[in-house]
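>>> Sequence and computational prediction follow.
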Amino acid sequence: MNKANKAIDTKLVKSVNKNIRSSVRKLKPILKSIVGKKVNIAMRDLSFSEKRISKDIKKTISSAIANAENNYQYDIDKLVVKEAYCGKQIIMKRFRARAKGRAASIMKPYSNLTIILTEKIKQTESHGSKS
């Protein structure tokens, strides 16, 4: 069973983008929409997305594609987004002056973004007996 896991691990390509200036709450819906898609379709969807943060996600995917091509010699046409997840990082805290000497806090969250690609291999279908 260990040999099977090692064979699966060799097909994974990872790209991490730290310090993205956005909250996890805004990143997650975009990431959920690209998981399981082919890389070129995911890039197309992100380029037509109206969210500001989609440019950073697109940059991370293109970095993962470059890793796959240069480090592992994978075919770009067969790459699929296997996982895409994000995590919290620091929160910059700022204050804004309000009326009567008060202050209102402004939270500026940062996130980490990880995208894992895998090479999709065509599986031959075996036509067995239908019982």
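All right, it came through fine. Numbering: from 1, shown residues only.
>>> ok, and what's touching stretch 91-101?
By C-beta atoms under 8 Å, 6 or more residues apart in numbering, the residues outside stretch 91-101 that reach it are Ala103, Ala104, Ser105, Ile106, Met107, Lys108, Pro109, Tyr110. Any C-beta I mention is one placed from the backbone N, CA and C, and that applies to glycine too.
>>> could you say which helix or strand contains Ala66?
Per DSSP states H and E: Ala66 is located in helix 54-72.
>>> ok, Leu79 touching Ala66?
No - if you go by C-beta atoms under 8 Å, Leu79 and Ala66 don't touch, sitting 11.1 Å apart.
>>> Just the C-alpha atoms of stretch 70-84, please, in PDB.
Taking Å, rounded to 0.1, in the frame of the first residue of the first chain, the C-alpha atoms of stretch 70-84 are listed here in PDB:
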ATOM      1  CA  ASN A  70       9.800  22.400 -15.800                       C
ATOM      2  CA  ASN A  71      10.300  20.200 -12.800                       C
ATOM      3  CA  TYR A  72       8.200  17.100 -13.700                       C
ATOM      4  CA  GLN A  73       7.900  17.400 -17.500                       C
ATOM      5  CA  TYR A  74       4.100  16.900 -17.400                       C
ATOM      6  CA  ASP A  75       1.800  17.600 -20.300                       C
ATOM      7  CA  ILE A  76      -0.100  20.900 -19.700                       C
ATOM      8  CA  ASP A  77      -3.200  19.700 -21.500                       C
ATOM      9  CA  LYS A  78      -3.700  16.900 -19.000                       C
ATOM     10  CA  LEU A  79      -3.300  18.900 -15.900                       C
ATOM     11  CA  VAL A  80      -6.300  19.200 -13.500                       C
ATOM     12  CA  VAL A  81      -6.800  21.200 -10.300                       C
ATOM     13  CA  LYS A  82      -7.000  18.500  -7.700                       C
ATOM     14  CA  GLU A  83      -7.100  20.700  -4.600                       C
ATOM     15  CA  ALA A  84      -7.300  24.400  -3.900                       C
END
